[in-house]
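In: What would the 3D arrangement of this be:
(one chain, ligands or ions: 1)
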Amino acid sequence: MPFLRDAHDRIIRDLRVSLTDRCNFRCFYCLPNGEPPLARKETILTFEEIERICEIFVSLGVEKIRLTGGEPLLRRDIEVLIEKLARLKSRDLNAQESNPKSKIQNPKLKDLALTTNGHSFPRRAADLKRAGLDRVTISLDSLDRENFRNITGVDALENVLQSIEAAKKVELTPVKINAVIVRGRNDDELIDFARFARERDVKMRFIEFMPLDSSRVWTREMIVSGKEIFSRINARFPLVLREKSRGAETAWRYGFADGAAGEIGIVAPVTEMFCGACSRIRLTADGQIRTCLFSTNEHNLRDFVRSGATRAEIIEFIKDVVLKKEASHRINDKEFVQPARTMSFIGG
Ligand code: SAM
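Out: I've put the predicted structure just below:
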């Protein structure tokens, strides 16, 4: 089996690696009361372990790695890890002795990205770029200072705005901006966000609120559907669909009909499920593989790796886990059970 293919014929190309379960923001839709007891330090994967696991994933056809968390920039010396992972963009992975018959032509990492809340990003942007990071996604849920503080628990709007400029300056581009849109909290800012995308030439990504919050406040009434987001923005700034198919991407992407800079992306996992084309798999900070954001069970790769498993055995372990990837999430089913761990632990 050359690629990582699941039982539903989906090929895995995209690995999200959570570097820490800690976060310095208290977003009401994620981790409003801070972390429950953190994973013990010795259970968190070391940089060497992450590098080894990522190298194996890339040799199996993974092309994109996104570093996330928690807040990944809270992980000390993250630049060292980025340097190690960036080497996967040029190394000849077919040279690995346990993968001699790989049919993947010259497997290489093509895209190394990071998702951050932007808090400490401005002063670190240049080092991250130098280490080999390709691009960055920055979370920004309000353009109003008071509302930003209400949503995130931190008075840091200015930092985040500076992060966007810093990312552009060092060319960690295209810069994507994530905003989770929640009714009554920030949906009145949709037009401001669209204007922001035009004026700053950034790619806004509006995300539906998902049931992954630790305080379990999520209700369907709080969701602003992708369709509603589209029609409200389109009424003010007419939009044109960029591509008729979104492939394995999560967002429908739109440009502005008047040719203005910037882009609008709409990610609607609840009302317009896109599991059929999912190419993602996740590795938590404590080394558990999650085959879906909404998985209710995890696969302990950490202990398997630490048990002294060979490269070939790790490959078999990963292939077996991938075969168990869920056909789809079940948010809209009556029997839906919210996963025990929240977005900040899983790695968004
Ligand atoms: N700390 C980083 C950050 O703030 O971007 C990375 C981790 S954060 C969990 C990754 C993304 O998940 C953020 O863009 C955040 O807005 C999103 N997210 C967290 N909880 C969510 C939820 N319940 N529904 C939808 N998106 C969520």
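
In: going forward, measure contacts between C-alpha atoms and count neighbours the same way
Out: OK.

In: tell me which residues in the helix or strand containing Cys54 are buried?
Out: Following DSSP states H and E, one finds Cys54 within helix 47-59. By 16 or more other CA atoms under 10 Å, the buried positions in helix 47-59 come out as Phe47, Ile50, Glu51, Ile53, Cys54, Glu55, Ile56, Phe57, Val58, Ser59.

In: And the fourth one, how close does it get to Arg306?
Out: Read it as Ile53. 12 Å (CA to CA, to the nearest Å).

In: what's the offset of the stretch of helix or strand Arg205 belongs to from the middle of its chain?
Out: Take DSSP H and E as the rule and Arg205 turns out to sit in strand 203-208. How far strand 203-208 lies from its chain's middle: 12 Å, per CA atoms, centre = their mean, to the nearest Å.

In: Same check on stretch 303-323?
Out: Centroid separation between stretch 303-323 and its chain, computed with CA atoms, centre = their mean, is 24 Å.

In: Give the rounded mean pLDDT of that stretch.
Out: Averaging pLDDT along stretch 303-323 yields 98.

In: buried ones in that stretch?
Out: Residues Val305, Arg311, Ile314, Ile315, Phe317, Ile318, Lys319, Val321, Val322, Leu323 are the ones in stretch 303-323 that count as buried (16+ other CA under 10 Å).

In: Go through the residues you listed and flag which are in helices.
Out: Val305, Arg311, Ile314, Ile315, Phe317, Ile318, Lys319, Val321, Val322, Leu323 (DSSP state H).

In: Now render those as TSV, adding distance to the ligand.
Out: Formatted as TSV, those follow (distance: CA to the nearest ligand atom, whole Å):
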residue	distance to the ligand
Val305	25
Arg311	30
Ile314	27
Ile315	27
Phe317	26
Ile318	24
Lys319	26
Val321	23
Val322	22
Leu323	25
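
In: Just the closest of those residues to Arg198, please.
Out: Arg198 lies nearest to Val322 out of those, by CA to CA, at 39.6 Å.

In: wait, isn't the closest one in contact with Arg5?
Out: Yes - taking CA atoms under 8 Å as the definition, Val322 is a contact partner of Arg5 at 6.9 Å.

In: picking up where we left off before, by contact count, what packs against the strand holding Arg205?
Out: strand 176-181, helix 190-200, helix 226-236, strand 263-267 (3 or more CA pairs under 8 Å, 6 or more residues apart in numbering; DSSP states H and E).

In: Spell out which parts of the stretch 201-348 of the chain neighbour the ligand.
Out: Selection of the stretch 201-348 of the chain residues close to the ligand by CA under 6 Å from any ligand atom yields Ile207, Glu208, Phe209, Met210, Pro211, Leu212, Asp213, Met343, Ser344, Gly347, Gly348.

In: Include distance to Gly70 when you put those residues into a markdown table, please.
Out: A markdown table is the format used below for these (distance: CA to CA, whole Å):
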| residue | distance to Gly70 |
| --- | --- |
| Ile207 | 18 |
| Glu208 | 19 |
| Phe209 | 17 |
| Met210 | 16 |
| Pro211 | 17 |
| Leu212 | 13 |
| Asp213 | 13 |
| Met343 | 8 |
| Ser344 | 5 |
| Gly347 | 7 |
| Gly348 | 8 |
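
In: so how far is the least confident helix or strand in the chain by mean pLDDT off the chain centroid?
Out: Ranked by mean pLDDT, DSSP states H and E, the weakest helix or strand in the chain is helix 343-346, scoring a mean of 80. On the basis of CA atoms, centre = their mean, helix 343-346 sits 10 Å off its chain's mean C-alpha point.

In: Only alpha carbons, please: show it as PDB.
Out: Output of helix 343-346 as PDB, limited to C-alpha atoms (Å, rounded to 0.1, in the frame of the first residue of the first chain):
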ATOM      1  CA  MET A 343     -10.200  21.600  20.600                       C
ATOM      2  CA  SER A 344      -7.200  22.900  22.600                       C
ATOM      3  CA  PHE A 345      -6.100  19.300  23.300                       C
ATOM      4  CA  ILE A 346      -6.900  17.800  20.000                       C
END
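
In: What about Ser344, how many residues nearby?
Out: Residues near Ser344, counting by other CA atoms under 10 Å, number 23.

In: any idea how far it is from Ile281?
Out: Counting by CA to CA - Ser344 and Ile281 are separated by 16 Å.

In: Strands of the stretch 101-250 of the chain, start to end?
Out: Here the stretch 101-250 of the chain has its strands, by DSSP state E, counting those that start in this stretch, at 111-116, 135-139, 176-181, 203-208, 239-241.

In: Take those and write them to TSV, including mean neighbour count and mean pLDDT.
Out: Shown next, in TSV, are those (neighbours: other CA atoms under 10 Å; pLDDT from 0 to 100):
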stretch	mean neighbour count	mean pLDDT
strand 111-116	22	98
strand 135-139	24	98
strand 176-181	24	98
strand 203-208	26	98
strand 239-241	17	98
